[in-house]
Every structure is written in C-alpha cells, then in structure tokens.
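Undergrad: Below: sequence and its predicted model.
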Amino acid sequence: MIIKLFDESSFEEAFNICKLSMNLDELNEDVFREKTFSDPDFLPACTLMAYDNSNPVGFIMGVIRKRESGLTGYIKLLAVHPEYRRKGIATKLYANVESEFKRAGVKIIRVYESWPNYFMPGLDPFYTEAICFFERNRFLKIGDTSNLVCHLKNKDFGTEAEEKTAWANGIEIRRAVEKDYKAMIAWIDKNFKAWEGEVSSSFKNIPISLHIALISGEIIAFSAYEANNKTLGWFGPMGTTEAARGKGVGGILLRRCIADMQKLGFDKAIIPWVGPIPFYMHYIGSKVQRVFWRYEKKME
C-alpha cells in the first residue's frame, strides 16, 4: 500500500471513495471541495490518499483548530473503499495523521465535529465499522447529538402576523445586508463566537442567507442557512441574546430562513447538531432524522 498527499490530481478519486463509502450521506463535488480545499485550516500533511498499486482505496482528512483550551485535532473525513476494508488501510492512514497531530502539539482529537466547516457533527452509529475502528483506537464516546429534518413541500412558513406584532413592540426583523457585516461579526464574536465562520459564510451567498432582529438598531438575534455544507439544504446557526428570549423572535427568524429555502427549491431542510428539539418541532414541525455519537481521544 502507498500513502500519498491529497491534491487536485486526486480530488475525483477521493470524492468517489467517500461517496461510495458514506452511503448514508448526501455528498456532491461542490460540498467535497468545501470540506477539503476550502477549509481555512486545510493541512496537506494530514490529508492523505491510500493506493493499492494504482487503485485508490482510502482517504483521510485531519485538521487542527485553535480552541480556547488549545489545539484540537479533528478526523474530519475517513473513508475506505468497501472492497478493501479490514486490510489495515484506515489504521495506516490514521497513524500518519495522529503523528502529525502529536508533532503539532495537539492534546485532544475529536471525530468529524470540526466546526465551523464540518460534514457531520459526529459518527452515525449505522457506520458500525467506523464506530469499531475509533473505539479500537482508544476514542471514548463523550455524548451524542441529532440532526432534524423539516419537509418543505406544500407548507406555509409565513410570518406576517408575527412580524407585525414584533414591529409593534419595537423589534425590527429583516434580511441582513452587506453593511451589517462588521457589526454582525462583532456581535457574534461577543455572544456566539463558535459560529463566526458560518455567519461570515452566509454573507457570501446571494442573497445573503442571514436574517436578523434588532431593537433600536442593536442586534438581538440572528438566523442563517446555507452557511455550511452548501447545496445540501442545511439550516443554521441561529442565536438570541438571553435578554431577548421569550419574545418569539427566534421562531420568526427560523421560519423566514425556512421560507427562503423553500423558495430556493429545497424539498427539505436539515437542522444539524440540535440542542432544543422541542423548539424546532413547535415552529416548523421538524423531526429527528439521524443521531450521531461524539468521540474524543486525549493524547498522552
């Protein structure tokens, strides 16, 4: 087996391996490029291809993010061609990446949840081979999370009546515009720092895929979509300051985004990495679509 650095010449090979291996997931070339070369922390030494003679058989991508607790490594993607499993391919790919992580001073490694640019928020346990692989490599389960789905066809997500009430209470609700960018990023940095990358990404869409609520010109809440895994119909992130909660603002912003997605032709919206499941079910009738297990390994 030969291990090589992933580059543009192996893009199609890696994409095909991932698509074939991750049969539970939607994946297209645009999203795969977003996950790989477009990642701001793309690290060639941790993005590798495996070949059996000249046949591409495996792919791994690791990234290192700067977190408040220090450097965290992520196995962002790992795929082995189904016909070549149980031959030690994933083990050799992972060993190379872990060595690079150690060299960089990484103390914690997590699986897939490499926010702000991530493909899935953990491992779907139906990929049982992957669960077994990471547990054999001393990763410990630290929790789980869910993706919800909201089906959009033949549904009304209008918010006209709710917005009239909000305006009467001094709350302005609108789509963000270019000149909001600096204030929005400053507000996010103060209130929801983890979502800065995705919020910034939403400003690159046409139209800007971000709706905001303001009181006296000051932002109090936001809701975004198509900010990660673009073209797959992902909603989020969204957030409301604590003082503004309980006013119905979050529900309005959520439904405005979902209505946008409906107009864009999506037949479903995916709400990933969800905490408040009842909130989403109440406002848009979403239900749990998939569950993901979260894994972590502490380096010695």
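TA: Thanks, I have the structure now.
Undergrad: Could I get the contacting residues of L253?
TA: Counting by C-beta atoms under 8 Å, 6 or more residues apart in numbering, L253 touches I173, H211, I212, A213, A221, F222, S223, M238. Just so you know, the C-beta spots here come from the backbone N, C-alpha and C atoms, and that holds for glycine as well.
Undergrad: now F59
TA: For F59, the contacting residues are F6, E13, A14, I17, C18, L48, M49, A50, L77, L78, A79, L93, by C-beta under 8 Å, 6+ apart.
Undergrad: in the stretch 201-300 of the chain, which spans are strands?
TA: Ranges of strands in the stretch 201-300 of the chain, per DSSP state E, counting those that start in this stretch, are 210-215, 218-225, 235-240, 268-274, 287-298.
Undergrad: Now N53. Its backbone dihedrals?
TA: Here is the backbone geometry of N53 (degrees, to the nearest 10): phi 60, psi -120.
Undergrad: Geometric centre of this structure: which residue is closest?
TA: Y118 (3.9 Å; C-alpha atoms, centre = their mean).
Undergrad: that's a strand at it, yeah?
TA: No - using DSSP: H, G, I helix; E, B strand; the rest coil, the assignment for Y118 is coil, not a strand.
Undergrad: isn't it right up against N228?
TA: Yes - between Y118 and N228 there is a contact at 6.8 Å, judged by C-beta atoms under 8 Å.
Undergrad: what touches both of these two?
TA: By C-beta under 8 Å, 6+ apart, no residue touches both Y118 and N228.
Undergrad: Could I get the full set of helices for this protein?
TA: Under the criterion DSSP state H, helices of the chain are mapped to 11-21, 29-35, 89-104, 128-136, 160-168, 181-191, 196-202, 249-263, 277-284.
Undergrad: Contact partners for the residue lying closest to P272 once chain neighbours are set aside?
TA: The shortest distance from P272 to any non-neighbouring residue, by C-beta to C-beta, 6 or more residues apart in numbering, is to N147 (4.8 Å). For N147, the contacting residues are M120, P121, I270, I271, P272, W273, V274, V288, Q289, R290, F292, by C-beta under 8 Å, 6+ apart.
Undergrad: Looking at those residues, which one is closest to A259?
TA: Distance to A259 across those (C-beta to C-beta) is lowest for I271, with 14.6 Å.
Undergrad: Now for the closest one: which residues touch it?
TA: Here I271 is in contact with N147, L148, V149, C150, W234, F235, G236, Y280, S286 (C-beta under 8 Å, 6+ apart).
Undergrad: change it to 6 Å
TA: By C-beta atoms under 6 Å, 6 or more residues apart in numbering, I271 lies in contact with L148, F235, Y280, S286.
Undergrad: Run a quick neighbour tally on the second one.
TA: In other words, F235. Counted with other C-beta atoms under 10 Å, the neighbours of F235 add up to 28.
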